[in-house]
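Participant: Return atomic coordinates for the entry below.
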Amino acid sequence: MAKKDKKIKPKKMEIKKSVKAVKTVAKEKVVKEKEGATERGKKSFSLLRGMHDILPKDEKYWKPMFASAQNIAAHFQFGRLETPILEELGLFVRAVGKGTDVVDKEMYTFEDKDGTKVCMRPELTAAAARAYIMHGFSNLPQPVKLWYWGPMFRHDRPQAGRYRQFHQAGYEIFGQADSAADAELILVGVNFFRDLGLPVEVKINSIGTPAERANYKNELVNYYRSKRSYLCEECRNRLVKNPMRLLDCKEERCQPVKEEAPQIINWLGADSKNHFMKVLEYLDELGVPYQLDNTLVRGLNYYTHTVFEFYAAEGGEEGQQSALGGGGRYDLLVEELGGRPTPAAGMAIGLERTVLALKQYNDKNNREMPKTPVDAFIAQLGEEARRVTLKMVDQLRNSDIKISFNFFKTSLKTQLELADAIKAPFAVIIGQKEVQDGTAIIRDMESGIQEIVDQKKLITVLKRKLGKFDDKR
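Facilitator: Numbering: from 1, shown residues only. Purely as a prediction, here's the structure:
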């Protein structure tokens, strides 16, 4: 029995080793397969909620907006201001005000490594006022007119045209109390949208001085308290924290209450009424149509006197409900932030909302954004021709000739089809022969007539054909 046992025992050990080896191989295989799967399927990343990419296909909207904003700034003599994205938290708490949605709910705030409480700018008027004070702009000839373009940040509920990082173009006028400044800003906004081919409506109101608003708030609160059972939850909170925002509610159940609310115009003093009437007279003279809206208050606490907003005149639902931009007067803000008493007014335009409104308007009216015209398409055949053409493209960059090209298409037929598709009036053709001769072929895309010119005279000949300058000069 003992001998039998000795014979069986090694076999059991061998079987165990064999099974263990198989399990080890299998385990290694599984691990390798998992590693391979992990390698092949690496974690992909998507946008944070409320953020968005601006893609090349939307460039046709963004380029005209920037061109309009820049051209209007130059025409109305606004200087470009760029402020940091990060500012002290206290700047916006003091300027925008506690009790506002921006300060209480929407700002991105955190503590910096040195312990400073900072935030990502939710708007730029307060930052512009800070810059005005900090850089001694009050010592310059007044008014000081500033404009800006850039991203803002608010942790808002994402929806169509509303993002947590969004862009604004804005205009601010410091050191001018006259009603003409209010009207000028409204005209700037109207011209911006007019340049884009987007009809807008202007809604306007006056919210007077802080003292006048205080008297009005008492009446407004008494009225809304009597209607408390009809209000949405947000308005019940506003009734305590920020009564003026009751007039800004968009909830359907609150609309009948809002329509019957007291109107602030009845609480304005003579000076406030006179200022507001002068703004309306300027708009009448300018031919800018407007709609009086006694419920318009804006969402920031620094406003005084005139407030206004721009809405798409026609388009989709979002365009009707959401303001594309707005602004007003804020005569007390500079002093509130530590500067000298300085009358001021400003406005800003929401660029993502404007793009959305443009798309809706274009779809409804079967309209396309105007394309930048191309003067000539440069076609090439062969490696040597491509090198010459690349140099030619660089030389043409500083001329008044807008060109297009595609180095990666080798067929002349394909390249000429591209030239035809973008409606280029002329095609410049460089082949092997032209490289050797130092010449270029200019082809009239409409008639098909071709002309051989010296490469050194190409710019001059093209400009003459395009009417870019007068030969007599």
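
Participant: got a list of what the nearest residue to residue 438 once chain neighbours are set aside touches?
Facilitator: Computed as C-beta to C-beta, 6 or more residues apart in numbering, the closest residue to residue 438 that is not its neighbour in sequence is residue 455, at 5.3 Å. (Each C-beta comes from the backbone N, C-alpha and C, glycine too.) Going by C-beta atoms under 8 Å, 6 or more residues apart in numbering, residue 455 touches 388, 392, 434, 438, 439, 440.

Participant: Could I get the full set of helices for the stretch 151-300 of the chain?
Facilitator: Using DSSP state H, counting those that start in this stretch, the helices of the stretch 151-300 of the chain run over 179-196, 210-225, 233-241, 255-259, 270-286.

Participant: hang on, the earlier thing: buried ones only from the contacts of residue 455, please, as a ChimeraX command.
Facilitator: Remark: buried members of the contacts of residue 455, expressed as a ChimeraX selection using 16 or more other C-beta atoms under 10 Å:
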select :388,392,434,439,440
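
Participant: Show me the one of the helices of the stretch 151-300 of the chain that comes nearest residue 102.
Facilitator: Taking C-beta to C-beta, helix 233-241 is the member of those nearest to residue 102, at 12.9 Å.

Participant: Of the contacts of residue 455, which is the nearest to residue 447?
Facilitator: residue 440 (17.9 Å).

Participant: how close does the closest one sit to residue 382?
Facilitator: Distance, residue 440 to residue 382, using C-beta to C-beta, to the nearest Å: 14 Å.

Participant: Pull out the buried positions in stretch 236-245.
Facilitator: So for stretch 236-245, counting by 16+ other C-beta under 10 Å, buried means 238, 239, 242, 243, 244, 245.

Participant: Sketch out the low-pLDDT regions of the stretch 51-200 of the chain for me.
Facilitator: Under the criterion pLDDT under 70, no range of the stretch 51-200 of the chain is flagged.

Participant: hmm, back to that, between the buried residues of stretch 236-245, which is nearest residue 205?
Facilitator: Nearest to residue 205 among the buried residues of stretch 236-245, with distances taken as C-beta to C-beta, is residue 244, at 11.3 Å.

Participant: Tell me if I'm right that the closest one and residue 213 touch.
Facilitator: Yes: counting by C-beta atoms under 8 Å, residue 244 touches residue 213, with 6.9 Å between them.

Participant: follow-up on the earlier one: now the buried residues of stretch 236-245 as a markdown table including pLDDT and distance to residue 370?
Facilitator: Listed next are the buried residues of stretch 236-245 as a markdown table, based on pLDDT from 0 to 100; distance: C-beta to C-beta, whole Å:
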| residue | pLDDT | distance to residue 370 |
| --- | --- | --- |
| 238 | 86 | 44 |
| 239 | 86 | 49 |
| 242 | 82 | 43 |
| 243 | 87 | 46 |
| 244 | 85 | 41 |
| 245 | 81 | 40 |
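
Participant: quick check, nearest of those residues to residue 196?
Facilitator: Nearest to residue 196 among the buried residues of stretch 236-245, with distances taken as C-beta to C-beta, is residue 245, at 30.4 Å.

Participant: What is the burial count for residue 225?
Facilitator: 10 (other C-beta atoms under 10 Å).

Participant: Please list all residues in contact with the closest residue in space to it that isn't next to it in sequence.
Facilitator: Nearest residue to residue 225 in three dimensions, chain neighbours excluded: residue 239, at 6.9 Å (C-beta to C-beta, 6+ apart). Neighbour list for residue 239: 221, 224, 225, 228, 231, 246 [criterion: C-beta under 8 Å, 6+ apart].

Participant: Surely residue 186 touches residue 202?
Facilitator: Yes: using C-beta under 8 Å, residue 186 makes contact with residue 202 at a distance of 6.0 Å.

Participant: Right, I'll call it a day here.
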